[in-house]
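Undergrad: the following comprises the amino acid sequence and a computationally predicted model.
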Amino acid sequence: MTAVVTRRPRRGKPPLAAGLAGLAGLVLCAAAVGIAVGARALSPDVVYHALTCPGDWPLHCPSRTPADQIVRELRLPRTGLAIVCGLALGVAGALIQGYTRNPLADAGLLGLNSGAAFAAVLGIHLFALTEPRQYIWFAFAGALVAGLVVFAASAAGGALASPLSLVLAGAAVSALLQALTNAVILLDQTALDTYRFWVVGSVAGHDAGVLRQVTPFILLGAILAVAAAPGLNALNLGDDVARGLGVNIARNRTLGLAAVVLLTGAATAAVGPIAFLGLVVPHLARMITGPDHRWLLPYSGLLGALTLLLADIAGRIVARPGEVQAAVVLALVGAPCFVVLVRRRRTVNL
């Protein structure tokens with residue numbers, strides 16, 4: 001007689017698609033909490049009334065209450081901006097780390113934050129702009145131009161833009177633009193006051209118009225990121241291997257960096273530079289998905305949206321009736337979390 005040996009099935013990771021759906025559900029729950037929580041807490045029935053009653057139909061809503069105005073004009077745009085900008089910065093962080101092969105890379109590495117800051121300050125100084133919906137276009141254009149300059153400088157001489165050349169060019173452009181920004185704000189007190197509001201990094205103080213302005217660019221950047229993901233997987237094996245697999249290296253890097261510029265430029269222009277989000281979130285996502293960017297990018301996006309939402313909610317709770325900006329909360333929490341992640345070698349290997 002022969003003994004039949006049965007092996008116990010291995011317990012693997014939960015299906016990534018199910019995890020992605022669960023993460024999307026957490027984002028929706030956090031969004032609901034973000035609408036209800038603030039200097040004035042609102043009950044679920046009040047929030048439901050504000051969302052379902054436009055206030056313009058006498059047969060259904062005899063009058064619009066102050067709570068309706070708070071929800072529809074302040075908290076809905078704020079929550080939506082946190083979702084789209086958190087998603088953009090999370091995806092952009094994963095792309096930057098992949099293309100530079102640097103686990104410490106974020107949006108500031110390619111000069112995008114410095115470009116947005118300089119252009120915003122320049123627009124405020126030259127045209128006396130004071131509203132976010134006015135200087136947001138200058139900030140986005142500055143990030144776009146800075147990204148193009150970095151990419152062109154790293155590919156000077158006809159060579160392909162390598163990860164090392166991107167980092168070096170980004171550092172040089174960032175230093176130059178930061179110096180120019182400091183020069184402008186030292187000469188113009190009004191520009192300094194407006195710049196301080198923007199550079200601290202917050203989703204508060206923006207109306208629905210800002211959300212409508214940046215959403216198309218973020219959607220386009222997300223589409224380009226999805227298109228670049230398969231080629232980026234091959235590039236992480238080395239340029240020679242990627243070329244042997246039929247990947248057009250120059251086209252793929254151009255596609256991916258265009259996505260980074262659109263995502264980071266739009267998000268930074270809208271809410272200012274948000275530290276640690278694009279740095280830590282891709283590491284957390286990589287712990288779940290591994291190095292496959294086809295899953296890493298959507299996980300990074302949803303984790304970025306969830307993280308920015310939770311940071312914004314925490315900032316409203318800890319200093320009630322005042323607020324702590326989301327970037328400050330993320331810096332306080334993100335710095336120790338990143339130290340813990342870096343000490344675990346398997347989380348930073350790209």
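TA: Looks like it came in fine.

Undergrad: and L255, how many residues sit next to it?
TA: The number of residues packed near L255 is 18, by other Cβ atoms under 10 Å. Just so you know, the C-beta spots here come from the backbone N, C-alpha and C atoms, and that holds for glycine as well.

Undergrad: who touches it in this structure?
TA: Contact analysis of L255 by Cβ atoms under 8 Å, 6 or more residues apart in numbering lists L224, A227, A228, G231.

Undergrad: give me the most central residue, the chain.
TA: The residue lying closest to the centre of the chain (Cα atoms, centre = their mean) is L89, at 1.5 Å.

Undergrad: that older thread, export the contacts of L255 to a markdown table and tack on pLDDT?
TA: What follows is the contacts of L255, written out as a markdown table (pLDDT from 0 to 100):
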| residue | pLDDT |
| --- | --- |
| L224 | 96 |
| A227 | 94 |
| A228 | 94 |
| G231 | 92 |
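
Undergrad: just the buried ones from these?
TA: Buried residues within the contacts of L255, counting neighbours by 16 or more other Cβ atoms under 10 Å: L224, A228, G231.

Undergrad: so the last one sits against V241, correct?
TA: No - the pair G231 / V241 is not scored as a contact, 12.0 Å apart, by Cβ atoms under 8 Å.

Undergrad: what is the burial count for the spatially closest residue to A30 that is not a sequence neighbour?
TA: Distances taken as Cβ to Cβ, 6 or more residues apart in numbering place L309 nearest to A30, at 4.2 Å, with adjacent residues excluded. L309: 24 surrounding residues under other Cβ under 10 Å.

Undergrad: before we move on, which element is L309 in?
TA: Using DSSP states H and E, L309 maps to helix 293-318.

Undergrad: packing partners of that helix?
TA: Other elements packing on helix 293-318 under the criterion 3 or more Cβ pairs under 8 Å, 6 or more residues apart in numbering; DSSP states H and E are helix 16-36, helix 76-100, helix 208-235, helix 277-289, helix 326-343.

Undergrad: how about stretch 234-247: buried residues?
TA: So, applying 16+ other Cβ under 10 Å, buried residues of stretch 234-247: A234, L235, N236, A242, V247.

Undergrad: over to stretch 94-106?
TA: A94, L95, I96, Q97, G98, Y99, T100, R101, N102, P103, A105, D106.

Undergrad: give me the distance from stretch 317-328 to the chain's centre.
TA: Remark: stretch 317-328 is offset 20 Å from the chain centroid, using Cα atoms, centre = their mean, to the nearest Å.

Undergrad: touching that stretch from outside, list them.
TA: 37, 39, 82, 200-204, 271-275, 308, 311-312, 314-316, 329.

Undergrad: filter these to the buried ones?
TA: Buried among the contacts of stretch 317-328 (16+ other Cβ under 10 Å): 37, 82, 201-204, 271-275, 308, 311-312, 314-316, 329.

Undergrad: put the alpha carbons of stretch 330-337 into PDB.
TA: Taking C-alpha atoms only, stretch 330-337 is exported to PDB below (Å, rounded to 0.1, in the frame of the first residue of the first chain):
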ATOM      1  CA  LEU A 330       1.700  64.300   8.300                       C
ATOM      2  CA  ALA A 331       5.200  65.600   9.200                       C
ATOM      3  CA  LEU A 332       4.700  64.700  12.900                       C
ATOM      4  CA  VAL A 333       3.400  61.200  12.100                       C
ATOM      5  CA  GLY A 334       5.300  60.500   8.900                       C
ATOM      6  CA  ALA A 335       8.800  61.200  10.200                       C
ATOM      7  CA  PRO A 336       8.900  58.400  12.900                       C
ATOM      8  CA  CYS A 337       6.900  56.100  10.700                       C
END
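
Undergrad: quick one: mean pLDDT for stretch 117-133?
TA: The pLDDT scores in stretch 117-133 average 87.

Undergrad: how close does the closest residue to P77 other than its chain neighbours get to E73?
TA: Nearest-residue entry for P77: A208, 4.3 Å, with adjacent residues in sequence omitted and distances by Cβ to Cβ, 6+ apart. Separation of A208 from E73 (Cβ to Cβ, to the nearest Å): 8 Å.
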